[in-house]
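Participant: Next come a sequence and a model predicted from it.
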Amino acid sequence: MAVLTPSEVDYQSLAQRQFTLSVIIPCYNEVHTVREVLYRVLDVELAHEIVIVDDGSTDGTRDVLREVEAEALPGVRVLYHDRNRGKGAAVLTGLAATSSDVILIQDADFEYDPRDYGRLLRPIEERISPVVYGSRFLNAPRKAMNFWNMIANKSLLLVANVLYNSILSDLGTCYKVFRRDLIADMVIEAQGFEFEAEFTARILKTGTRIYEVPISYNGREWSEGKKIRWVDGLRQFWTLLKYRFVD
């Protein structure tokens, strides 16, 4: 694993890069944040294509997204699931609908800041690695997690590092950036939050080393709309075991 220290990024220089970028935004019940997140992604002016996948929202998010569609913003597409199928399913729907060289996953809340895109893309631009994770634990500004959330993150991380001989600092980060050709022959099955574990396991099993860069992080509480639950942690644990010893 290699680490970049935080630095100011010249976004204009990246605008001349030799690859195209698609941003996938999986979305479920984010009526208060999804529009602003989209605008923040547009503001950094790095994505050739933005695909929002609504995963069966029931809180008015779909009404907001229809308003977004009516704006006819260049490069922005909205796709809909007829029911809630899970984050992994939403990401896979987005992947199937994109064609860019590089994919970046962006959550539809305010926990992750698109202004970090520059440092996330630089290792790919410089051909250091075909896959980059934004780490919440590498000395960048972040809001403190609650104790049990931290314990769950560290426990899963330890399991992943032991099973796959890696030294990652963040398994569950939303910010996963990768070249499309890296996953061209990869069949991903996970439909829920266990997507994070399966994707990481499959990447590491190819022998590819994941490059990490520090990102800012403003974590939500469950009362503010955070959706991952303890049972999702158990599913990720099983997923890590499954793809190490079974698949």
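Facilitator: Thanks, I have it.
Participant: May I see the buried residues of stretch 24-38?
Facilitator: Counting neighbours by 16 or more other Cβ atoms under 10 Å, one finds that the buried residues in stretch 24-38 are 24-31, 33-35, 37-38. From N, CA and C alone the C-beta is placed, and that goes for glycine too.
Participant: Where do the helices of the chain begin and end?
Facilitator: Secondary structure of the chain (DSSP state H): helices located at 11-14, 34-44, 61-71, 87-97, 117-125, 147-164, 195-205, 230-245.
Participant: can you redo the buried residues of stretch 24-38 as TSV with distance to Arg83 and pLDDT?
Facilitator: Shown next, in TSV, are the buried residues of stretch 24-38 (distance: Cβ to Cβ, whole Å; pLDDT from 0 to 100):
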residue	distance to Arg83	pLDDT
Ile24	19	99
Ile25	19	99
Pro26	14	98
Cys27	14	97
Tyr28	11	96
Asn29	13	96
Glu30	17	96
Val31	18	96
Thr33	21	96
Val34	18	98
Arg35	23	98
Val37	23	98
Leu38	23	98
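Participant: I'd like to know which of the residues you listed is nearest to Leu120.
Facilitator: Ile24 (13.8 Å; Cβ to Cβ).
Participant: nearest residue to the closest one other than its sequence neighbours?
Facilitator: Gly94 (3.5 Å; Cβ to Cβ, 6 or more residues apart in numbering).
Participant: isn't that neighbour right up against Ile50?
Facilitator: No. Contact between Gly94 and Ile50 fails when scored by Cβ atoms under 8 Å: they sit 9.7 Å apart.
Participant: Tell me the residues that contact both of the two, please.
Facilitator: The contact sets of Gly94 and Ile50 overlap at 22, 25 (Cβ atoms under 8 Å, 6 or more residues apart in numbering).
Participant: Other residues contacting stretch 73-87?
Facilitator: Applying Cβ under 8 Å, 6+ apart, the external contacts of stretch 73-87 come out as 26, 28, 38, 42, 47-57, 62, 65-66, 68-69, 89-90, 93-94, 97, 190-193, 195.
Participant: let's see 6 Å
Facilitator: 26, 49-56, 65, 69, 93, 191-193, 195 (Cβ atoms under 6 Å, 6 or more residues apart in numbering).
Participant: show me what contacts Leu182?
Facilitator: By Cβ under 6 Å, 6+ apart, the contact list for Leu182 reads Pro130.
Participant: Now do the same for it: its pLDDT.
Facilitator: pLDDT, the model's per-residue confidence, is 94 for Leu182.
Participant: about what we covered before: out of the helices of the chain, which one sits most buried?
Facilitator: helix 195-205 (a mean of 23; mean count of other Cβ atoms under 10 Å).
Participant: what helices or strands is that helix leaning on?
Facilitator: helix 87-97, helix 230-245 (3 or more Cβ pairs under 6 Å, 6 or more residues apart in numbering; DSSP states H and E).
Participant: residue furthest from the geometric center of this protein?
Facilitator: Ala70 (26.2 Å; Cα atoms, centre = their mean).
Participant: Check that one and give its pLDDT.
Facilitator: Ala70 is given a pLDDT of 97.
Participant: follow-up on the earlier one: among the helices of the chain, which gets the worst mean confidence?
Facilitator: If you rank the helices of the chain by mean pLDDT, helix 11-14 sits at the bottom with a mean of 48.
Participant: What sits closest to Leu241 if chain neighbours are left out?
Facilitator: In space, Leu241 is closest to Leu163, 7.2 Å off (Cβ to Cβ, 6+ apart).
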